[in-house]
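Participant: Predicted coordinates and the sequence they were generated for:
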Amino acid sequence: MENSFDIREFSRQALAAAQAAGISPAETTLSMSESFSVRVREGKMEDYKVCDHFRLTLRGRWQGRIGTASTQAVDEESLVMLIQGVKESAELIETDEQDDILPPDAHYSAVCNYSEDVNAVSAEDKIALAMRIDARLSAQDARIKPDACVVSSASETYALCNTLGLDLSHCSNMIYAYASCLAKEDGQAATGFKLLWGYSMEDVDAIQIADGCIADALEKLGAGRLTSGARSAVIRGSAMADLLSTFSGVFSADNAQKGMSLLAGREGETIASACVTLTDDPLMPWGLSSCPFDREGAATISKNVIERGTLTTLLHNRKTAKKAGVSTTGNAAGSGRVAPSNFYIRPGSASQQALLESMENGLLITELSGLHAGANPISGDFSLLARGFEIAGGKPVRAVEQFTVAGNFFSLLQDITAVADDLRFEGSPIGSPSVAVRQLNIAGE
Amino acid sequence: MLSKSICQSVLARALRGGGTFAEIFFEDTRSFGLTLRSGVIENAAVSRPRGAGVRIYDGLRSIYVYTCDVSEAGLLRAADRAAAAVTDTKGTGRDVVLHEKTFTDMHPVSLPTLSVSAKRRAGVLRDADRAARAVDSRISQVTCGLLSREQHVLIANSEGLYTGDTRTYTRLTCSAVASSGAENQTGMEGPGALMGFELFETRVDPADAGAKAAKTAVTMLDAPYVSAGEMPVVIAGGFGGVIFHEACGHSLEATSVEPGMSEFAGRLGETIAAPCVTAIDDGTMKNEWGSGNIDDEGNPTTRLVLIENGVLKNYMIDRLNGLKMGMAPTGSGRRESYAYAPTSRMRNTYIAAGQDDEQEMIRTMGDGLYAAQMGGGSVNPATGEFNFSVREGYLVRDGKIASPVRGASLIGRGSEILMRIDRVGREMTMGQGMCGSSSGSVPTNVGQPTIRVSRLTVGGK
């Protein structure tokens, strides 16, 4: 990168130029990131990637509205473009619902998701780790064909600065590694995947990744099909997290106020089973989305969005909060939008095994595919390709695939009968333990 | 843009410690987004993504370094960082001499969007919004977006290539919500092209797009859930082509074929589809959403027959996978931006027009599903397992379209569905999408005439 001093200096210049042009107040957001990634397949390094990246966004009030423009180029032309862009944008916008530009809050909590241990790992160490995962993947089982072993690290600095005295900055980093493979047997093929992430080499253990990847592929072999009909199910935590992530927008007050969420005006109502508590925790130590401030510089706070089945609050920025007559929850995501941070269903006390035993007969759903297309956050409907295991007498009896699971997210929340103790964040700030569900509609043969 | 001499010194620097090939991809882009929601312009923002990526082939390994610092010093630093990773030190210290290569612009732009007044641009969104709201009083929300992007690229490589292109994209998106109070349903339209604002004078009526999105939403609000099971399915043209894109297209990209992670790897010359299926990937179609003069490796785009009368003819191949496979690249190397190394990608991919009558295919299908509008989908190329959502579906009873149904999804395996296509209609139409893969999100067209699949698993309640 042009050293970060130049970019920060450019950011200051942009703020000064905005003020000189009559744009006031004005605010810059600066995102600077660096990453490294290496991919190994069958003993050979195939890809080696190094990136540095920045993006400067200028926002400011002009003729009563707040306009926005951004650039990745540090030059005079950009400075002119930013000022003109903010003015044009402000002249086009017809609503006050932009994120406001305000002085700093009185207090910000401290939270850490940056470790010097990540920086201490050399490129050679990361390559060696990818090689170890690949070697382990190749040596275990003749049915396994290794696909890719990837080790990557990334760091990001996010800085928010305005003409009203706000000057905030937060650094985060992480390291992650994953393996993917193909298992083949008797003309059947299945893919396996395992990812671990954290803040030091100890968090990304080669053996756990390789063995997890192989186990994931092998357990899918020999899968049969299901007949159509309604069944009880336990949804594995990773699949439930995918579903929660797809539907996370329904908890946005911005969506609710614009008729895009069926949760509008339902605060205080029971919207989920009593065993469901849903938490948004931007102050989670070592959380992937942890940050003491949101995208409009408001202090972030931890809160339950659903508490034992009751919708306690939607997620707000300052504008949506003002409209609703409440305080911001510190969830401004930029461009007037609202989004969760570290967002998860609180774990219960029973194991996944105990959930299967009390269900006795039904399905364990391990994977849901096509969420970007087959799930609709506005209606809550989903109809998704799934795979998993048939459960009889509380035990998996055979792998099943090529069936769909259909339902409605809002009904599903009400139909959860138990929450397991196995909460994990699988490379995403949105997590869930496994949950038992009264009934899901299955389409198969 | 970068001068020839800077590119020469950066490429020479990249290869100073070895490596067989080096490339610079530079872009300077202007992007303008405009959003209208709740009847008012809600967001308007201009942005300028700019940066460069330096790629080296170290044997068959790809080394990629990208940066936003495109000063000569910044690019040399990127070249140094890439060169530091090279292990094969044979043939060090090559000189690079560049020759400028120009192309005839096959996709002319007559009205650059950024030259059109802001008021006129906003007018497109207002027309779409008004038409959508006029469809039915139960339309509770309409979101319309106008995306204009002008990407200037420069590509230079150690084989002497020095070339550039400007890609101008314009797209309108309309999303309508119909609400009964307790239930919501949605409809979407997203027409776009590789052209400027003349899109709205020559190809797209914004009011038409808004009204279509609203009609789907209202139709689905009145529809019961589809009942699940296996049945024959007729899929309408246009965005219906997403089924070929997912079920087969991704599995024919060298990215999946080369490592053997595709169910169609090693099957050139074999029959992989029913004889009525001919499929084409064409990057040369004039001003189409997935077209271009050159790909992101500087090769001219091509028209590529993928499947001819059921027989697998070609894969889509980028330069590096071409080297690994011992096959020529097909002008299919694409990337979202400088932040990605290119790989083989689809462009405008479609099932070609056939001989069958659209009415006959429904009349003779018995009981089944008519998918009038498809949503998106995804595929696992290694196993061929795909899934799609049906945005607007109708139940067919005894050869007649009976009633709308909601919540349908289609699942199966690519190799199976291709063999089960038993009718291909006479008129091919296309729809626009953004396709995501390892080199990011790129504009692609999907297309087909109306087709019939003899048996598919339909998911629903």
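Facilitator: That came through fine. Residues are numbered from 1 along each chain as shown, chains lettered A, B, ... in the order given.

Participant: dump the residue contacts of residue 356.
Facilitator: Defaulting to chain A. Contacts for A:Leu356 (Cβ atoms under 8 Å, 6 or more residues apart in numbering or on different chains) come out as A:234, A:364, A:391, A:394-396. To be clear about C-beta, it is placed using only N, CA and C from the backbone, and glycine gets the same treatment.

Participant: Sorry, I should have been clearer: chain B.
Facilitator: B:276, B:423-426, B:452.

Participant: Return the member of the residues you listed nearest to chain A.
Facilitator: Taking Cβ to the nearest Cβ as the measure, chain A sits nearest to B:Arg452 out of the contacts of B:Asp356, at 19.9 Å.

Participant: distance of the closest residue to the closest one other than its chain neighbours from B:Arg455?
Facilitator: Here the nearest residue to B:Arg452 in space, its sequence neighbours aside, is B:Arg423; by Cβ to Cβ, 6 or more residues apart in numbering or on different chains that works out to 3.9 Å. Separation of B:Arg423 from B:Arg455 (Cβ to Cβ, to the nearest Å) stands at 13 Å.

Participant: Between the two, point out the one with more neighbours.
Facilitator: Neighbour totals were compared for B:Arg423 and B:Arg455, and B:Arg423 leads with 24 against 14 (other Cβ atoms under 10 Å in any protein chain shown).

Participant: hang on, the more buried one packs against B:Arg363?
Facilitator: No - with contact defined as Cβ atoms under 8 Å, B:Arg423 does not reach B:Arg363; the gap is 11.0 Å.

Participant: near chain B, which residues of the stretch 301-445 of chain A show up?
Facilitator: If contact is defined as Cβ under 8 Å from any Cβ of the partner chain, the residues of the stretch 301-445 of chain A in contact with chain B are A:335-336, A:369-370, A:372-374, A:376, A:378-381, A:383-385, A:401-407, A:441-445.

Participant: Buried only: go through these for me.
Facilitator: Burial of those was assessed by neighbour count (16 or more other Cβ atoms under 10 Å in any protein chain shown); the buried members are A:335-336, A:369-370, A:373-374, A:376, A:378-381, A:383-385, A:401-407, A:441-444.

Participant: Against which helices or strands is the lowest-mean-pLDDT helix or strand in chain A packed?
Facilitator: Of all regular secondary-structure elements in chain A, judged by mean pLDDT, DSSP states H and E, the least confident is helix A:371-374 with a mean of 85. Here helix A:371-374 is seen to pack against helix A:237-246, strand A:381-392, strand B:368-380, strand B:385-397 when contacts are counted using 3 or more Cβ pairs under 8 Å, 6 or more residues apart in numbering or on different chains; DSSP states H and E.

Participant: So for the second one, mean pLDDT?
Facilitator: Looking back up the chat, that one is strand A:381-392. Per-region confidence: strand A:381-392 scores 94 on mean pLDDT.

Participant: In contact with the residue of chain A at minimum distance from chain B, which residues are there?
Facilitator: Using Cβ to the nearest Cβ, the point where chain A gets nearest to chain B is A:Thr404, with a distance of 2.5 Å. When contacts are counted by Cβ under 8 Å, 6+ apart, A:Thr404 is found next to A:374, A:383-386, A:442-444, B:228, B:387, B:409, B:411, B:457, B:459-460.

Participant: can you do 7 Å?
Facilitator: If you count contacts by Cβ atoms under 7 Å, 6 or more residues apart in numbering or on different chains, A:Thr404 has them with A:383-386, A:443, B:228, B:409, B:411, B:459.

Participant: from those, which is closest to A:Ser434?
Facilitator: A:Ala386 (14.4 Å; Cβ to Cβ).

Participant: What separation do you get for that closest one and B:Asn380?
Facilitator: Noted for A:Ala386: a distance of 13 Å to B:Asn380, by Cβ to Cβ.

Participant: ok, those two, which is more surrounded?
Facilitator: It is A:Ala386, of A:Ala386 and B:Asn380, that has more neighbours when counted by other Cβ under 10 Å, with 30 against 23.

Participant: So what sits opposite that one in the bridge?
Facilitator: Counting by DSSP bridges, A:Ala386 is bridged to A:Leu368, A:Phe403.

Participant: contacting residues for it?
Facilitator: Neighbour list for A:Ala386: A:365, A:367-368, A:403-405 [criterion: Cβ under 7 Å, 6+ apart].

Participant: Can you pick out the most distant pair from these?
Facilitator: A:Glu367 and A:Thr404 (12.3 Å).
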